[in-house]
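> Please work out how this folds:
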Amino acid sequence: MKINKITAFKLLLAVTVAVGYTSCSKKGSGNTSSATGWKINDKKGGFQHNSNYKQQEPAPGLVEVEGGTFTMGRVQDDVMHDWNNTPNQQHVQSFYMDETEVTNVMYMEYLDWLKRVYPPTEENYRNIYVGALPDTLVWRSALGYNETMTNNYLRHPAYADYPVVGVNWIQAVEFCDWRTNRVNESILEKEGYLKRDAKILDVTAENNFDTETYLESPTKAYGGNEEVVLRGRNNKLAGDDEATNVYAQRTSGLISPEYRLPTEAEWEYAAVALVGNREYNIYRGSKKYPWKGQYTRSGKRQKRGDQLANFKQGKGDYGGIAGWSDDNADITAPVKTYPPNDFGLYDMAGNVAEWVADVYRPIIDDEASDFNYYRGNVYMKNQIGEDGRAEIVTSETIEYDTLSNGRIQYRNLPGQIARTPITEEDVYLRQNYTKSDNRNFRDGDRQSTRFYDYGGSSEEGVSTTDQMYDSPQHTVETDSLGNMVRSWDKSNKRTTLINDNVRVYKGGSWRDRAYWLDPAQRRYYPQDMATDFIGFRCAMSKVGPKSTKKSARHRG
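Model prediction:
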């Protein structure tokens, strides 16, 4: 069949139009629902969703740790015979982790914010700032002169980049919460959802930003001040030109997940850093330190013999001979003094040991969970008021805890959503959990003891000495005059120091011998007490794919 030039031109035009239509349809498909065909992200209103979202951006101070499987708890030396790190195979989901430990200057920024927003001179806020202060007296020794560190270590600029110490586990958790809010506040300001410089100029005790409060009800953030909390980018309403969401939401993809303490599994996985060596024996748990090799000294020609971490090298030897065999530190050292591991993380061995999120138990229950293992879940929910909305903490409803050592620590702050434990109604017919407090799940609860009465005796009917973990129960109370009364549990029937309020800390410190530099080693300490050798770093969950790489990698 012959085709003339006019017919050929018409055919070419039709094909071009069809291709163009297909291309346009694909391009616009992100704003059309594949479920209903309705428009989404319409400027006139309706369902708003960030269809252009690519991937999670690392928040300030964090580096990405790609998840994977590893042998948790395998140590090269077990001279202590603790029997608390039996090897078990675990899988950790991808996450982010602080490149370094939290430093003095970072923690001082937190203290400065608390002091400005909640002035300790006001009675309502007196215990907020004081409760967040590190215990600088941890440096003292009955037979040692350490007053220089007691007076200077936290605040003197010479120690600005040194890891903060004297911070208990509870204080570390509160710092993580504060950091979450300040980072998200900064993001929303840059994106035009908050007034410029509001985080500095307009913040007060009753007028500040909290991430969860903003997500629950943006109008309650900053005390409901509409001059600060903008309706859409730069206060442009939906329907205006270049308008987006009325308020930023989870669907915007702008809000970062919370900063938090890493779990024990995450910390150990990040410290051992198998990513740099995929040999089979390393994969199965034969790596001894965060770096390659079986020794604490560098084998590289330029730095041969240099120590790779800050630790106690022997009795009375915290830093070697001056100018020789020296780790360049007698106490802690500035962060980034030593080379990072293969994940790009500094000081995952030595310098300071670090708090992790987990409640301590001698055994990791890998039969119950081998994915993102964590012991310490206490499930909470928003406290709902009479109006059916979440209640916001005010200056009159701040809650405080009196710790075992008598220190007063804030539990919540004005502007935050009040939280309460979940109830039996919330877990009715649930299969994955049955109560709010799961810290002693399958280990240490009444069902775990040989004295448990399966006939259903009451909790009060079981003696405290019949519990698996019968640690001393010291009490702190206040008398009618407001004086603090401390009582010591002097019972000689106590058999352990373990309870639901002791937390794991990992890694060796400047006070520890090389034995503790092994990432698999684990110890515990009361969550409301602090030392001069435990610090911390923050982590953040990664949302989305395991890896940002385009295709999976395979071992050849």
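
> To what extent is Thr213 buried, counted in neighbours?
21 (other CB atoms under 10 Å). From N, CA and C alone the C-beta is placed, and that goes for glycine too.

> Quick one: low-confidence residue ranges for this protein.
Along the chain, segments meeting pLDDT under 70 span 1-30, 43-45, 236-245, 276-286, 299, 301-305, 324-325, 444-467, 549-556.

> Could you find the closest non-adjacent residue to the residue minimising distance to the centre of it?
With distances taken as CA atoms, centre = their mean, the residue of the chain nearest its centroid is Arg260 (1.5 Å). Beyond its immediate neighbours in the sequence, the residue positioned closest to Arg260 (CB to CB, 6 or more residues apart in numbering) is Cys176, lying 5.1 Å away.

> again with Met106
The shortest distance from Met106 to any non-neighbouring residue, by CB to CB, 6+ apart, is to Val164 (7.3 Å).

> what about that neighbour, neighbour count?
Neighbours around Val164, by other CB under 10 Å: 25.

> Assess the claim that it and Tyr110 are in contact.
No - Val164 is beyond contact range of Tyr110, at 9.6 Å (criterion: CB atoms under 8 Å).

> Tell me where the stretch 151-300 of the chain has helices.
Using DSSP state H, counting those that start in this stretch, the helices of the stretch 151-300 of the chain run over 169-190, 198-201, 211-216, 264-272, 280-281.

> Quick one: these as TSV, columns for distance to Thr332 too.
Formatted as TSV, these follow (distance: least, CB to CB, whole Å):
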stretch	distance to Thr332
helix 169-190	16
helix 198-201	31
helix 211-216	32
helix 264-272	18
helix 280-281	34
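
> Just want the angle from the lengthiest strand in the chain to helix 264-272.
Longest strand of the chain, by residue count under DSSP state E: strand 353-359. If you take axes from the mean of the first three to the mean of the last three CA atoms, to 10 degrees, strand 353-359 sits at 150 degrees to helix 264-272.

> After strand 353-359, which helix or strand is next? Please name it.
strand 380-382 (DSSP states H and E).

> what's in contact with that next one?
216, 390-391, 417-422, 426, 436 (CB atoms under 8 Å, 6 or more residues apart in numbering).

> What subset of these is buried?
With burial judged by 16 or more other CB atoms under 10 Å, the buried subset of the contacts of strand 380-382 is 390-391, 417-419, 422, 436.

> which of the residues in stretch 184-196 are buried?
Going by 16+ other CB under 10 Å, stretch 184-196 has these buried residues: 184-189, 192-195.

> Just give me how far it sits from the chain centre.
Relative to its parent chain, stretch 184-196 has a centroid offset of 23 Å by CA atoms, centre = their mean, to the nearest Å.

> what's the answer for stretch 526-546, then?
Centroid separation between stretch 526-546 and its chain, computed with CA atoms, centre = their mean, is 5 Å.

> again, but for stretch 315-333
32 Å.

> got the buried residues for that stretch?
Residues 319-320, 327, 329, 331-333 are the ones in stretch 315-333 that count as buried (16+ other CB under 10 Å).

> Can you tell me which of these is closest to Trp291?
Minimum distance to Trp291 across these is 14.0 Å, recorded for Asp327 (CB to CB).

> Surely the closest one touches Asp317?
No - contact criterion CB under 8 Å: Asp327 and Asp317 do not qualify, at 9.8 Å.

> who's in contact with Pro545?
Residues near Pro545 by CB under 8 Å, 6+ apart: 55, 94.

> May I ask which helix or strand encompasses it?
Under the criterion DSSP H and E, no helix or strand holds Pro545.

> What values do phi and psi take at the nearest residue to Asp370 once chain neighbours are set aside?
Closest residue to Asp370 apart from its sequence neighbours, by CB to CB, 6+ apart: Gln90 at 5.4 Å. Backbone torsions of Gln90, given as degrees, to the nearest 10, read phi -130, psi 160.

> possible to save the buried residues of stretch 184-196 as a markdown table with distance to Arg74?
Listed next are these as a markdown table, based on distance: CB to CB, whole Å:
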| residue | distance to Arg74 |
| --- | --- |
| Asn184 | 38 |
| Glu185 | 42 |
| Ser186 | 41 |
| Ile187 | 40 |
| Leu188 | 44 |
| Glu189 | 46 |
| Gly192 | 50 |
| Tyr193 | 47 |
| Leu194 | 48 |
| Lys195 | 53 |
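
> which one of those residues is nearest Gly61?
Set against Gly61, the nearest of the buried residues of stretch 184-196 by CB to CB is Ser186 (12.7 Å).

> so that closest one touches Ala198, yeah?
No - using CB under 8 Å, Ser186 makes no contact with Ala198, being 10.4 Å away.

> wait, which of the buried residues of stretch 315-333 is closest to Val502?
Using CB to CB, those come closest to Val502 at Thr332, 23.8 Å.

> Could I get the contacting residues of that closest one?
162-163, 165, 310, 351-352, 510.

> Between the residues you listed, which sits nearest Asn225?
Closest approach to Asn225 among the contacts of Thr332 (CB to CB): Pro163, at 37.3 Å.

> what's near enough to touch that closest one?
Shown in contact with Pro163 (CB under 8 Å, 6+ apart): 100-104, 332, 335, 347, 351-352, 535.

> go with 7 Å
For Pro163, the contacting residues are 101-103, 332, 335, 351-352, 535, by CB atoms under 7 Å, 6 or more residues apart in numbering.

> Also Trp291?
Contacts of Trp291 by CB under 7 Å, 6+ apart are 308, 341.

> Distance of it relative to Pro87?
According to CB to CB, to the nearest Å, Trp291 and Pro87 sit 21 Å apart.

> likewise Val183?
Counting by CB to CB, the gap from Val183 to Pro87 is 37 Å.

> With neighbour numbers in mind, choose between the two.
The residue with more neighbours, out of Val183 and Pro87, is Val183; 20 against 15, by other CB under 10 Å.

> So the more buried one sits against Ile255, correct?
No - using CB atoms under 7 Å, Val183 is not in contact with Ile255; the gap is 9.7 Å.

> what residues do these two have in common as contacts?
What both Val183 and Ile255 touch, as defined by CB under 7 Å, 6+ apart, is an empty set.

> Can you show me the strands along the stretch 451-556 of the chain?
475-478, 484-487, 502-506, 522-526, 534-535, 539-541 (DSSP state E, counting those that start in this stretch).

> Partner strands of the fourth one and their direction?
Each strand paired with strand 522-526, and its direction, by DSSP bridges: strand 502-506 (antiparallel).

> what's the offset of the strand it pairs with from the middle of its chain?
How far strand 502-506 lies from its chain's middle: 14 Å, per CA atoms, centre = their mean.

> related to what we said a few turns ago, the residue nearest to Asp370: what's it in contact with?
Each residue near Gln90 by CB under 7 Å, 6+ apart is listed here: 69-70, 72, 265, 366, 370, 373.

> give me that answer again for 8 Å
Taking CB under 8 Å, 6+ apart as the test, what Gln90 contacts is 69-72, 265, 269, 364, 366, 370-371, 373.

> and if you look at Val63?
By CB under 8 Å, 6+ apart, the contact list for Val63 reads 96-99, 343-345.

> so how far is the helix or strand containing it off the chain centroid?
Following DSSP H and E, the helix or strand that holds Val63 is strand 62-65. Centroid separation between strand 62-65 and its chain, computed with CA atoms, centre = their mean, is 13 Å.

> Just want the angle from the next helix or strand after that strand to helix 264-272.
As assigned by DSSP H and E, the chain's next helix or strand after strand 62-65 is strand 68-72. Orientation of strand 68-72 against helix 264-272 (the same axes, to 10 degrees) gives an angle of 100 degrees.

> which helices and strands sit right next to strand 68-72?
The contact analysis (3 or more CB pairs under 8 Å, 6 or more residues apart in numbering; DSSP states H and E) places strand 68-72 against strand 88-92, helix 264-272.

> Using CSV, list the CA coordinates for it.
Output of strand 68-72 as CSV, limited to C-alpha atoms (Å, rounded to 0.1, in the frame of the first residue of the first chain):
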residue,chain,number,x,y,z
GLY,A,68,22.0,-5.7,58.6
THR,A,69,22.6,-8.9,60.5
PHE,A,70,25.4,-9.5,63.0
THR,A,71,26.3,-11.7,65.9
MET,A,72,25.5,-9.8,69.0
